[in-house]
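Chemist: structure, please.
(3 chains)
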Amino acid sequence: MEAAGAFRAKLLSWYRNVRRDLPWRRTPTDPYRIWISEIMLQQTRVAAVIPYYERFLSRFPNPLSLASAPEQDVLAHWAGLGYYSRARNLQKAASQMPGGEFPRTYDEIRALSGIGDYTAAAVASIAYGLPYAAVDGNVLRVIARVENDPGDIKSPKTRARFAAIADELLDRDQPGDFNQAMMELGATVCTPKNPTCLLCPVREECKGFAAGTQNQLPIKIRDGRTAEVHITVVIAERDDGALLLRPSKQLAGFWELPFDLAGVRDLERVGSFGHQITFRKYTCDVVRGRVGRKVPVGTEWVARERLAELPLTTISKKALRLVDR
DNA sequence: AAGGCGGGGTA
DNA sequence: TACCCAGCCTT
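Modeler: Predicted structure coming up:
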C-alpha cells in the first residue's frame, strides 16, 4: 500500500476504537453545533469547554436565536472561557447568515467573522464531509514528527508546507473523521512532551520516531532566542565513491547529506561539530554507515564527478571535512 | 511579521 | 516558572 494510504487506514482504525465520547461528536452533521464547539475549542482545552457547550446551546440553539440575543447575554454565557472576542465574533457571524441559514461551502464559511483556515476546514469537513484538511497545533506537531521536519512552525513557509502535507494525507472519503483523528492523536498520544509512541498507531510510518527525534519536534522558534537542534548526519559512500545525498528542504536548490535517517547499518562515529544559522543552533553528530540496496526515500546516489557541480549545504561540507576525502 | 487576546492545566 | 492549548484579527 502506498505510504499515505497506510497512514490513513491505521489512523482511522485507531480513531474508531479510542475516540472520546464528546458532546459535539453526537451531532456531527449539525454545522451550527460543530461551529460553536470549534470556536470554544480555540486555544481552550476540551475539559474546559464541555460545561460551557451544553449551556450555551440550550440558550442559543440556532443562528437566529444567537443573532437576536443581547450581546450582554452572549458574553454572560461565555464568561470564564476567555478570549471574549470569540463570543462577539460568534454573534456577528450569526448575523451574517441570511435567514439564519448556515453557509454550505468552505469559502462562505471561511468568510464569516472569527473563522480562519482551521475552523473553516474543521466545520466543512465534519459537518458536510468536504475534503479540507484542518491544521491546528496538534496537526502541526504530528506532521513535524511524522515527517521528521525541523522547520519552524511559527513561520508561514513551514505552515504552508505542513498544510500541503496534511492535504495529501487527508482521507477524502471521510475528511471529518480523518481531521478529528489527527487532532485526537495529537491530544492524547503525540503530545507536546513525552509522547507515548509505543501506543501510536502510525509509529511505523513516523520518520521522527525512526530517527529518535520526536521529543525535540516540532521546532518553534521564539523571539530573541535560538532553538537548539541536534541532528545526526549520515555519510554513506558506495564502493565506486558515489555519495548518498538528497535535495535540501530548508535551502531550496541545495543538496545535503541526509540526517536523522532510519535504516542505516554499520554505523561508525566520525565526529561532531556545531553550526549556527539564523535562529537555529545545530549540534551535528557525524556518522559513517551503509544503506541497503534500495536507498531511503528522497535520497539518491551522486557520483563523485558530479559532486563538484552541486551546491552543498554548509553543514554537509563541514561533515565531509571531518572524513578524509 | 508581530502582538494582543484569558484562563487553566501540567511538568 | 514557563509552556501549552481543536486560533484569529489587527497593525
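Chemist: spatially nearest residue to A:Thr29 (excluding sequence neighbours)?
Modeler: A:Ala127 (5.9 Å; CB to CB, 6 or more residues apart in numbering). For the C-beta atoms, the positions are set from N, CA and C on the backbone; glycine is no exception.
Chemist: got a list of what that neighbour touches?
Modeler: A:Pro28, A:Thr29, A:Asp30, A:Pro31, A:Ile34, A:Trp35, A:Gly176 (CB atoms under 8 Å, 6 or more residues apart in numbering).
Chemist: how about these in CSV, adding pLDDT?
Modeler: Below are the contacts of A:Ala127 laid out as CSV (pLDDT from 0 to 100):
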residue, pLDDT
A:Pro28, 88
A:Thr29, 94
A:Asp30, 96
A:Pro31, 97
A:Ile34, 97
A:Trp35, 97
A:Gly176, 96
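Chemist: which of these has the most neighbours?
Modeler: When neighbours are counted as other CB atoms under 10 Å, the busiest of these turns out to be A:Trp35, with 27 neighbours.
Chemist: how about it: what's its closest non-neighbour residue?
Modeler: The nearest residue in space to A:Trp35 (CB to CB, 6+ apart) is A:Val123, at 5.2 Å.
Chemist: helix/strand/coil for the one you found?
Modeler: Per DSSP: H, G, I helix; E, B strand; the rest coil, the secondary structure class of A:Val123 is helix.
Chemist: count of neighbours near it?
Modeler: 29.
Chemist: how about the contacts of A:Ala127 in JSON lines, adding secondary structure?
Modeler: Shown next, in JSON lines, are these (three-state DSSP):
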{"residue": "A:Pro28", "secondary structure": "coil"}
{"residue": "A:Thr29", "secondary structure": "coil"}
{"residue": "A:Asp30", "secondary structure": "coil"}
{"residue": "A:Pro31", "secondary structure": "helix"}
{"residue": "A:Ile34", "secondary structure": "helix"}
{"residue": "A:Trp35", "secondary structure": "helix"}
{"residue": "A:Gly176", "secondary structure": "helix"}
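Chemist: now, the most widely separated pair of the residues you listed?
Modeler: Comparing every pair within the contacts of A:Ala127 by CB to CB identifies A:Trp35 and A:Gly176 as the most remote, at 13.4 Å.
Chemist: give me the neighbour count for A:Ala47.
Modeler: Using other CB under 10 Å, the number of residues around A:Ala47 comes to 7.
Chemist: show the contacting residues for it.
Modeler: By CB under 8 Å, 6+ apart, A:Ala47 has no neighbours at all.
Chemist: what helix or strand is it on?
Modeler: Assigned by DSSP states H and E, A:Ala47 belongs to helix A:46-59.
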